[in-house]
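K.L.:
Below are the sequence and a predicted model for it; my questions follow.
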Amino acid sequence: MPIVRFSARRHHRVLAAACAVALVALPLPAQSVASRYKAVADRIIAESMRDSAAWNRVALLTETHGHRLSGSPQLERAIDWIIARMKEDGLDNVKGEPVMVPRWVRGEESAEMILPRRAPLPMLGLGGSIGTPASGITAEVMVASSFADLEKRASEAKGKIVLFTFPWTNYGETGAYRRQGAIAAAKAGALASLIRSVTPYSMRTPHTGSMAYDTTVRKIPHAALAPEDADMIARMVARGEKVVVKLTMSAQTLPDVQSRNVMGEIRGSQFPDEVIVMGGHIDSWDVGRGAMDDAGGVVAAWEALRVLKRLGLTPKRTIRVVGWTNEENGMRGGNAYRDAHKAELDNHLLAIESDGGVFKPLGFGFTGPDAAFATLRDIGKLLDPIGAGQITKGGGGADIGPIMALGVPGMGLNVDDSRYFWFHHTDADTVDKLDPREVAQCVATLAVMTYIVADMPERLRPAGR
């Protein structure tokens with residue numbers, strides 16, 4: 001075999017060519033979702049932040065229609081208004097889907113301390129409570145610091161009004177006295193029950209909210225006092241004074257009536273049957289104007305679609321905004337959405353809920369597959385410029401809970417909620433508690449996240465899961 005000799009120069013040329021071929025043959029590293037969408041995310045953020053349109057719309061909705069308790073004419077007028085405005089905005093598939101909802105009516109109510117001196121007590125009946133006799137209930141107050149304290153001293157409660165003074169720790173623990181207080185007090189023989197309002201801060205503003213009865217226990221009226229007055233009564237009793245209160249409530253529950261989940265979309269350009277759904281609840285309690293809880297959540301999601309339309313951005317998949325009805329006192333809207341869309345849920349790739357007040361956004365909490373979590377964390381980096389890029393495990397919401405239970409991945413918008421429970425379920429839930437810039441940041445956060453999930457080539461959730 002002849003010996004083939006290469007010159008040093010030719011050897012270098014052959015080696016260089018081989019390396020070039022090898023480089024061409026190697027796959028290029030995959031581009032991250034964040035790097036692919038950085039330019040468009042920056043445009044979405046800039047457009048979202050350019051004005052106070054979202055805050056202005058929250059103000060217009062809540063100040064035009066006021067509070068929106070399920071079953072009320074105000075709620076239905078607000079839904080009519082949203083449908084008309086969504087159509088004007090050019091959204092697709094705008095409609096209201098029928099939902100039967102409970103109708104609880106507060107009526108006239110009052111509380112007055114009779115002894116040791118006469119003084120009116122700001123109060124709010126708790127949602128679902130029965131009323132008192134027309135003449136009211138006048139009785140001595142027994143103060144119980146907790147359920148355990150009442151159980152230990154149950155013999156003292158008979159024929160009295162029980163006042164629970166459990167202090168604020170968190171919404172779950174303290175809220176148990178709102179939800180279950182009437183049951184515990186009735187078991188002990190009380191005529192009515194009162195709670196120290198569920199809040200860490202008060203300016204003599206009582207908080208309402210939903211409560212429950214047990215069918216095995218007599219129903220008694222149940223209401224909330226402002227923390228300042230509950231604490232005053234507790235101190236009076238501790239000093240050995242007899243405190244007598246007159247409670248008058250004309251609350252009643254009427255037959256169910258029809259309401260609607262309200263929705264509109266940007267229809268996907270390539271995969272219109274694949275859906276990213278987001279929103280909040282359009283109903284509120286019958287105090288304040290429901291701006292923070294939760295008109296702001298509905299409007300921020302709605303405004304996110306308006307931003308995408310102004311930028312001419314149509315994603316590959318459909319983004320649907322929903323204002324769910326009856327979150328506050330029945331959860332009928334979330335359940336009705338599940339039932340109406342059950343056949344489509346395999347193609348619901350992500351559900352996002354905003355129901356924590358549209359304060360400074362921090363990011364999202366996510367419940368779903370690990371692979372999807374990794375993708376969402378990558379997308380979250382695009383929100384770092386406005387401080388909203390933190391994606392954590394564990395999140396969702398009450399209205400999306402029913403579809404999450406059937407396998408739809410869920411996210412909840414996380415915000416700085418340090419002031420949320422100051423105003424929650426009170427007369428003070430008005431638009432002035434919201435900062436226009438923070439509301440706009442919430443719009444940007446929702447718009448970036450939903451647009452990228454709806455537009456990226458890969459499904460966030462594999463087909464058939």
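P.N.:
Structure's in. What do you need? Numbers count the residues shown, from 1 in each chain.
K.L.:
does Val322 count as helix, strand or coil?
P.N.:
strand (DSSP: H, G, I helix; E, B strand; the rest coil).
K.L.:
That one bridge partners, please.
P.N.:
Under DSSP bridges, the beta-bridge partners of Val322 are Met263, Gly279.
K.L.:
ok, it touching Met278?
P.N.:
Yes: the pair Val322 / Met278 is scored as a contact, 7.5 Å apart, by Cβ atoms under 8 Å. Bear in mind the C-beta positions are built from the backbone N, C-alpha and C, glycine included.
K.L.:
what's the spacing between stretch 285-305 and its chain's center?
P.N.:
Distance, stretch centre to chain centre, for stretch 285-305: 9 Å (Cα atoms, centre = their mean, to the nearest Å).
K.L.:
Now it - C-alpha only, CSV.
P.N.:
Output of stretch 285-305 as CSV, limited to C-alpha atoms (Å, rounded to 0.1, in the frame of the first residue of the first chain):
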residue,chain,number,x,y,z
TRP,A,285,-70.7,41.6,48.8
ASP,A,286,-73.5,44.2,49.3
VAL,A,287,-71.2,46.7,51.0
GLY,A,288,-68.6,49.0,49.6
ARG,A,289,-68.4,48.9,45.8
GLY,A,290,-66.4,45.6,45.3
ALA,A,291,-63.5,47.4,43.6
MET,A,292,-60.7,45.5,45.1
ASP,A,293,-62.7,42.3,45.6
ASP,A,294,-63.0,41.6,42.7
ALA,A,295,-63.9,44.1,39.9
GLY,A,296,-60.1,44.8,39.7
GLY,A,297,-59.3,41.2,39.0
VAL,A,298,-61.9,41.0,36.2
VAL,A,299,-60.9,44.3,34.6
ALA,A,300,-57.2,43.6,34.8
ALA,A,301,-57.7,40.4,32.8
TRP,A,302,-60.1,42.2,30.4
GLU,A,303,-57.7,45.1,29.9
ALA,A,304,-54.9,42.5,29.1
LEU,A,305,-56.8,41.5,26.0
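K.L.:
And the helices in the protein?
P.N.:
For the chain, the helices defined by DSSP state H cover 8-25, 33-48, 53-65, 73-88, 147-152, 171-187, 227-238, 296-310, 332-340, 370-380, 401-404, 420-423, 436-455.
K.L.:
right, so of these, which gets closest to Thr215?
P.N.:
The minimum distance between Thr215 and these falls on helix 171-187, with 10.2 Å, by Cβ to Cβ.
K.L.:
Name the residues that touch that closest one?
P.N.:
Under the criterion Cβ atoms under 8 Å, 6 or more residues apart in numbering, residues 126, 129, 147, 150-151, 154, 157, 162, 164, 166-168, 192-193, 195-196, 198, 209-214, 217-222, 224, 421 lie in contact with helix 171-187.
K.L.:
ok, of the residues you listed, which come out buried?
P.N.:
126, 129, 147, 150, 154, 157, 162, 164, 166, 168, 192-193, 195-196, 198, 209-211, 213, 220-222, 224, 421 (16 or more other Cβ atoms under 10 Å).
K.L.:
Could you pull out the buried residues of stretch 168-179?
P.N.:
By neighbour count on 16+ other Cβ under 10 Å, the buried set for stretch 168-179 is 168, 171, 174-179.
K.L.:
closest to Val33 among the residues you listed?
P.N.:
Tyr171 (34.4 Å).
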